[in-house]
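Novice: Everything below, folded, please.
(2 chains)
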Amino acid sequence: MTLSHFSAVLLFSLFTSIVFGITQRAEPKKMIRFAALCFAMFVVGTVAASWAMWLIKP
Amino acid sequence: MTTKVQAPEATNSKTGSSDAATPSVSPALALVAGWLVPGAGHLLLGKWIRAALLMVSIVGMFAIGIALAGKVYTPNTGEPLDMLGFAGDLGSGLLYFLARLLGWGQAPVLVAVADYGTKFIVVAGLLNIVAAVDAHSLASGRKQS
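Specialist: Predicted structure coming up:
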């Protein structure tokens, strides 16, 4: 099995966000909102870190 | 001096779930079941949607890690980082023992994607521990719903 780096990020973010949403909030609506927030933060954070590494490369 | 203590409501009006319908399960049993089989702790508590989502997420992450040729850590290698990786992998419960039994994840990691696989396997174990502790909190009443 092969995955692109970005699809690996998406899968990692998806599964991790689901578990965080279920375990860190008590109500279903808040679970969904927190999971969506985690997913967005994971993906945006990874892309931002990637661009930062590209900018500071020698 | 008296203290007013509000009795817990029998029915949660926001979620529509009934506390009376929640099976009484020992917190220790929920913790151990949740560790051994991802989502089993929540399943014992009658929260089958959460159980299914947790199982799909954790087993999916573990399976993708194996499919990417990630490494499954073994104890007693003497390397501190390997010991941490082993602790993370062990969080997957029976999945870890199944992987060891079938010899999955024993090939050397040679490409970046396989290193991603190693991280997927470790994080699946850590997430399973979080889920098992959540099941324990639900069973003990520390988490309301």
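Novice: So which residues make contact with stretch A:14-27?
Specialist: Applying CB atoms under 8 Å, 6 or more residues apart in numbering or on different chains, the contact partners of stretch A:14-27 are A:31-36, A:38-39, A:42, B:14-15, B:50, B:53-54, B:57-58, B:60-61, B:123-124, B:127, B:130-131, B:133-134, B:143-145. For the C-beta atoms, the positions are set from N, CA and C on the backbone; glycine is no exception.
Novice: Point out the other elements, helices or strands, that the longest helix anywhere in chain B touches.
Specialist: For chain B, the longest helix by residue count, based on DSSP state H, is helix B:112-140. Judged by 3 or more CB pairs under 8 Å, 6 or more residues apart in numbering or on different chains; DSSP states H and E, helix B:112-140 is in contact with helix A:5-24, helix B:27-36, helix B:40-44, helix B:48-67, helix B:80-90, helix B:94-102.
Novice: List the buried residues of the fifth one.
Specialist: To tie it back to what came earlier, the one meant is helix B:80-90. Within helix B:80-90, the residues scored as buried using 16 or more other CB atoms under 10 Å in any protein chain shown are B:85-86, B:88-90.
Novice: Okay, residue B:125 and residue B:34: tell me how far apart.
Specialist: The gap separating residue B:125 from residue B:34 is 13 Å, by CB to CB, to the nearest Å.
Novice: oh, I was asking about residue A:18
Specialist: Applying CB to CB to residue A:18 and residue B:34 gives a distance of 15 Å.
Novice: give me every residue that touches the residue nearest the centre of chain B.
Specialist: Compute the mean C-alpha point of chain B, and by CA atoms, centre = their mean the closest residue is residue B:128, 1.8 Å away. Shown in contact with residue B:128 (CB under 8 Å, 6+ apart): B:34-35, B:38, B:58, B:91-93.
Novice: Kindly report the same for residue B:59.
Specialist: B:38, B:95, B:124.
Novice: do residue B:83 as well
Specialist: Going by CB under 8 Å, 6+ apart, the list of residues near residue B:83 reads B:75, B:77.
Novice: how close does it sit to chain A?
Specialist: As for residue B:83, its distance to chain A is 23 Å (criterion: CB to the nearest CB, to the nearest Å).
Novice: State the helix or strand in which residue B:70 lies.
Specialist: Here residue B:70, judged by DSSP states H and E, is contained in no helix and no strand.
Novice: same deal with residue A:51?
Specialist: With DSSP H and E as the criterion, residue A:51 is inside helix A:28-56.
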